[in-house]
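Engineer: below are the sequence and a predicted model for it; my questions follow.
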Amino acid sequence: MDNHFSLKGKTFLVTGSTTGLGRAMANALGAAGARVAMNYQNNTERAESAFDDFKSNGFEGGLFKASAIDPDDISRLRKEIESDLGPVDGFIVNATPAQPLKPIEEYDWDFYQSMIDFFIKSPYLLTREFLPHMRQQKWGRIINIASEVFTRGVAPFSAYVAAKGGQIGWTRSMANELAPDGITVNAISPGWIPVERHADDPEEDKQAYLDIIPMQRWGVPKDMAGATVFLASDSSSFVTGQNIHVNGGTILP
């Protein structure tokens, strides 16, 4: 029986993949046999350590520094990946900026714009850059890392929530547009899965969220692995325009 979860022979890019959820997803793709382009923009030492760990598991890939929101960087990134690993068959939009919770009076438009850049501009630019190859071969995978905050309407978090809503809408529209070409476009919406940037979050906030998780445990980055490999593989060839919540059963409105 064929292994429909195998990604052997495929090349995937994961933006923002040297920490947190991105790092776990990159390793999951590598374990499934994909060649993985791990991407970062800042902290080269940390990125090289993450990539060394990736390679120590016997996975195949490369480490690439580039901004996920700059068109020139993305064009250069495509050329470098193609030279080192081959054409990109699919990508995961995961890179993110800081995500402070603030009341509306404390946000300015520049911050709103930064959210839009990472969650709408980035998938747009990446798709424009990598689409020709996927269309030519009639196979491709685009996976947006969204968030349950849109469905829950989390506050005070309007900039992030609004941009994530736009990202989910973009996913649904693009899924319909690219379906005839054999390209699936889906989203994964994790719940609050603490990673490095959550180290200083208030303990009372963490406990309040933990209390609403039916599985009665925190999610961990590797909990993203199954959904990631499923949506990247041939097992999901008839699944597109979907938003899979990875949140331990937390009830959504």
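Structural biologist: Structure's in. What do you need? Residues are numbered from 1 along each chain as shown.
Engineer: how about the helix or strand bottoming out on mean pLDDT in the chain: buried residues?
Structural biologist: Using mean pLDDT, DSSP states H and E, helix 203-210 stands out as the lowest-scoring helix or strand of the chain, at a mean of 86. Within helix 203-210, the residues that count as buried by 16 or more other CB atoms under 10 Å are residue 209. In this view, the C-beta of every residue, glycine as well, is placed from N, C-alpha and C.
Engineer: do a quick rundown of the strands in this structure.
Structural biologist: 11-14, 35-40, 60-65, 90-93, 140-145, 183-190, 243-246 (DSSP state E).
Engineer: which of the ones you listed sits most buried?
Structural biologist: strand 11-14 (a mean of 29; mean count of other CB atoms under 10 Å).
Engineer: low-confidence stretches in the stretch 51-200 of the chain?
Structural biologist: For the stretch 51-200 of the chain, the stretches with pLDDT under 70 are 197-199.
Engineer: show me the helices in it, by range?
Structural biologist: 71-84, 109-116, 122-137, 149-152, 158-178 (DSSP state H, counting those that start in this stretch).
Engineer: for residue 190, which of those helices is the nearest?
Structural biologist: Minimum separation from residue 190 across the helices of the stretch 51-200 of the chain (CB to CB) falls at helix 149-152, 10.0 Å.
Engineer: how about the closest one as CSV, C-alpha atoms only?
Structural biologist: This file holds the C-alpha atoms of helix 149-152, laid out as CSV (Å, rounded to 0.1, in the frame of the first residue of the first chain):
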residue,chain,number,x,y,z
VAL,A,149,-8.3,34.1,18.0
PHE,A,150,-10.4,35.1,14.9
THR,A,151,-13.2,32.7,15.7
ARG,A,152,-13.1,33.5,19.4
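Engineer: so which elements touch that helix?
Structural biologist: Helix 149-152 is packed against helix 158-178, with contacts defined by 3 or more CB pairs under 8 Å, 6 or more residues apart in numbering; DSSP states H and E.
Engineer: switch the cut-off to 10 Å
Structural biologist: helix 158-178, strand 183-190, strand 243-246 (3 or more CB pairs under 10 Å, 6 or more residues apart in numbering; DSSP states H and E).
Engineer: any chance of those in TSV, plus distance to residue 17?
Structural biologist: Output for those, formatted as TSV (distance: least, CB to CB, whole Å):
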stretch	distance to residue 17
helix 158-178	18
strand 183-190	14
strand 243-246	17
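Engineer: ok, the closest residue to residue 87 other than its chain neighbours - contacts?
Structural biologist: Of all residues not flanking residue 87 in the chain, residue 133 sits nearest, at 4.3 Å (CB to CB, 6 or more residues apart in numbering). Residue 133 is in contact with 11, 78, 82, 86-89, 139-140, counting by CB atoms under 10 Å, 6 or more residues apart in numbering.
Engineer: run the last query once more with 8 Å
Structural biologist: Contact analysis of residue 133 by CB atoms under 8 Å, 6 or more residues apart in numbering lists 87-89, 140.
Engineer: so what's the residue count around residue 233?
Structural biologist: By the measure other CB atoms under 10 Å, the count of residues near residue 233 is 21.
Engineer: quick thing: my sequence starts at 152, can you match it?
Structural biologist: Renumbered: residue one is now 152, and that last one reads residue 384.
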